Each structure stands twice: as C-alpha cells, then as structure tokens.
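J.: Show me the folded form of this:
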Amino acid sequence: MTRALVPASVLIAALSAACGSNKPPVSAAEAAASLDVDDPAAVPADDTDTTDAPATEALPSKVACYYGELMVARPGENETNQGALLVKLTMDPTTSRMVEETWSFPLYERYVVTRDIHGASFTLRQDDGAFVGNGTLEGQPWIWSGWKSTTTSADKATRVESATHFQDGDLVTHERVLDADGALRVSVDQSLIEIPLDECDHMFDKARTTAASLAAQRQSP
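T.: Modelled structure (predicted):
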C-alpha cells in the first residue's frame, strides 16, 4: 500500500512551526487520542498475452487511509515532531485521478490534492490553488509503487521536491522545501501506517467537528 505526497501547504505549516512556534511538539499518539482513536487472474481460454498489468478499465477505484507523525528538520538540525497527518488516498482509474485528502494536527487544517494521471506522469493541484506541480509514477498502472513530484507555490516563493513510496504497507515520503533561490529551508519525513477505513472515517468526522468548533471560537468576540 499519501502518505502519498503530503499537500505542500501542510509543509509550509510545518515550516512555520519549526521556525518559531512556542508550542510543544504534539506526537501522533497524542493527536490520535484527541480523535478518540483507540487468487492470480484467471488465464483466458484463448492465447491472449496476460503478462502485462490489467487493463485500466478493469481495475476498480481503491481507497486507503494512512496516519502518522510529521517530522521536520532545518538544515544542520535534528528532526523534531511537528504533529501528525491523516491521509485518505483514492485511486480511480475510471477518471484517471488520484485524490489525496489530508488533515494535519494539531492545527486541524484540511487539504485536498488532485493528481490527473497521464500514462506514467501527472499534473497536480491543491484545492485552493496555493500549489501546483507535476510528477512521475513508478510501477504498474494503478498499482503504483511510488511517485515523485515538484510543486511550486502560487507566488513562486516556495518549491517542494517530494518522493513517495510504499514500504511494507506504510506510505513513506521524503520532501525538501526550498526557497525561490533553491536554498533548503526544511526537510520533511513521514512514515504513515495504513489504518482501517472505518477508523479513518471516524477520525475524519471527529476532525471536521473539532475544526468547525475551533473556527467558531476564533470568530466569537
């Protein structure tokens, strides 16, 4: 079995936290506690060659969910925990899209990144337009083993280079956040474990409720 690529705005939130937040780091376990988380294909009768990957149209859409810690390091410094990430990844061959919905904790911020697949490459866009980019896929179509991408902020001030792969069921990502001149600002590492979809849906519901409550508190006089 992203974390797929973590939305770049999550990285910027991590950058802000790493570069001046006075709040203590929040572990994935603490964030989870706040969310109440406790056969081969049959060979046809004829001589059709079936050694290649299954036809795209024969593959159903697939949804998987991942959860884990967000580790951030500035150049020359050790990694520190900057919260946790909850990622729901939907791969849909019928629309040629990979959609990634992410909640970041403890900020309770939500991001959606859509990748439009074209063969073994893709373009991507964050839902608010803050980041766009492109990348390449690795492995067989729609059972990808990983992907790489480069995204750029709308103001061109930030570039994120990302590499993601599946490792023993975990979604592992390494990202480099660069400034406009190409200088490294922070590096980000995530190793997210797959969690059951019913647990994921419960955590998503809890995150939405908490985010709405926090928004109401900020708006109150």
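J.: mind checking the longest helix of this protein?
T.: What stands out as the longest helix in the chain, according to DSSP state H, is helix 197-219.
J.: For it, buried residues please.
T.: Within helix 197-219, the residues that count as buried by 16 or more other C-beta atoms under 10 Å are 199-200, 202-204, 206-207, 210. In this view, the C-beta of every residue, glycine as well, is placed from N, C-alpha and C.
J.: With stretch 134-144 instead?
T.: So stretch 134-144, judged by 16+ other C-beta under 10 Å, has buried residues 135, 137, 141-142, 144.
J.: At which residues are the helices of the protein located?
T.: So, for the chain - with DSSP H - the helices run 8-18, 28-34, 197-219.
J.: worst average pLDDT in those helices?
T.: Set side by side, these differ in mean pLDDT, and helix 8-18 is lowest with a mean of 46.
J.: can I get the buried residues of helix 197-219 in TSV with distance to A163?
T.: Rendered in TSV, the data for the buried residues of helix 197-219 read as follows (distance: C-beta to C-beta, whole Å):
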residue	distance to A163
E199	27
C200	24
H202	31
M203	26
F204	26
K206	31
A207	27
T210	31
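J.: Nearest to S191 among those?
T.: Lowest distance from S191 to the buried residues of helix 197-219 (C-beta to C-beta) belongs to C200, with 17.1 Å.
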